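K.L.:
Next come a sequence and a model predicted from it.
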Amino acid sequence: VQKLSKQAIFAIQRHNMSEAEKKLGQAKEGGRALLKKIESYPTLRQGALSNALEEWAEAMLLFHWVSSKTIVSRGALEIANIAEYIGGLSDFTGEIGRIAVLRASQRDLVTVREILQADMVVQNFIAKANVSANRYSKKLEAVQVNLKKLEDIVYELVLLQRSNRVSRVKADVPTLPADKEDARED
């Protein structure tokens, strides 16, 4: 389950969504089979299986966000429990942060801001979930670190835009192909 989920994340990063979807389906079926085997022994979920389901939740969140720019609900990830979902959400912010860095290098401020907004939504959700039990403080800290990195990226892009180099920062314009982007002069 964990290996297939990691492979799905790598496929998403390579823009191979069909391979990612296939790997995620296989991982989900494997997770279901394992959960069925341990029905009589629920404490066996803790540890490796829970970690694998958290990785699957992360991959599903990334797949859904890249596909539709929305964050899939916990209910849609029926094999992951709330702790696995929150762990997946936390790690998801790191994955979309990698996308933000790539998009920032292409001066795509719009996409970077969308990613920043997604991180803020995740931070708010985990902060609310953390209030009563304080179970997710490490996950919340990781999200806050990722959020700070994105804020810094947005700040740098806005400074670049305001420095009269607007042609290099795409605020609301389509992305240029990489070969044309590199050929442009400052």
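P.N.:
Yep, it's here. Numbers count the residues shown, from 1 in each chain.
K.L.:
tell me which element the residue nearest the centre of the chain is part of?
P.N.:
Note on the chain: the residue nearest the mean C-alpha position is residue 92, at 2.8 Å, using Cα atoms, centre = their mean. Assigned by DSSP states H and E, residue 92 belongs to helix 82-105.
K.L.:
So which other helices or strands are in contact with that helix?
P.N.:
If you count contacts as 3 or more Cβ pairs under 8 Å, 6 or more residues apart in numbering; DSSP states H and E, helix 82-105 packs onto helix 2-13, helix 48-68, helix 109-133, helix 137-162. C-beta: built from backbone N, CA, C; applies to glycine.
K.L.:
rerun that using 6 Å as the cut-off
P.N.:
For helix 82-105, the elements it packs on are helix 48-68, helix 109-133, helix 137-162, judged by 3 or more Cβ pairs under 6 Å, 6 or more residues apart in numbering; DSSP states H and E.
K.L.:
Surely residue 19 touches residue 12?
P.N.:
No - using Cβ atoms under 6 Å, residue 19 makes no contact with residue 12, being 8.9 Å away.
K.L.:
neighbour count winner among these two?
P.N.:
More neighbours surround residue 12 than the other of residue 19 and residue 12, with 23 against 15 (other Cβ atoms under 10 Å).
K.L.:
give the contact list for that one.
P.N.:
Applying Cβ atoms under 6 Å, 6 or more residues apart in numbering to residue 12 gives the contacts 20, 62-63, 66.
K.L.:
And for residue 72, nearest residue in space, chain neighbours not counted?
P.N.:
residue 64 (4.1 Å; Cβ to Cβ, 6 or more residues apart in numbering).
K.L.:
quick one: pLDDT of the one you found?
P.N.:
The per-residue pLDDT reported for residue 64 equals 97.
K.L.:
For it, the count of nearby residues, please.
P.N.:
For residue 64, the neighbour count with other Cβ under 10 Å is 18.
K.L.:
pretty sure it is touching residue 76, no?
P.N.:
No - judged on Cβ under 6 Å, residue 64 makes no contact with residue 76 at a distance of 7.9 Å.
K.L.:
Least confident secondary structure element in this structure?
P.N.:
Every helix and strand of the chain was ranked by mean pLDDT, DSSP states H and E. The lowest is helix 178-183, at a mean of 42.
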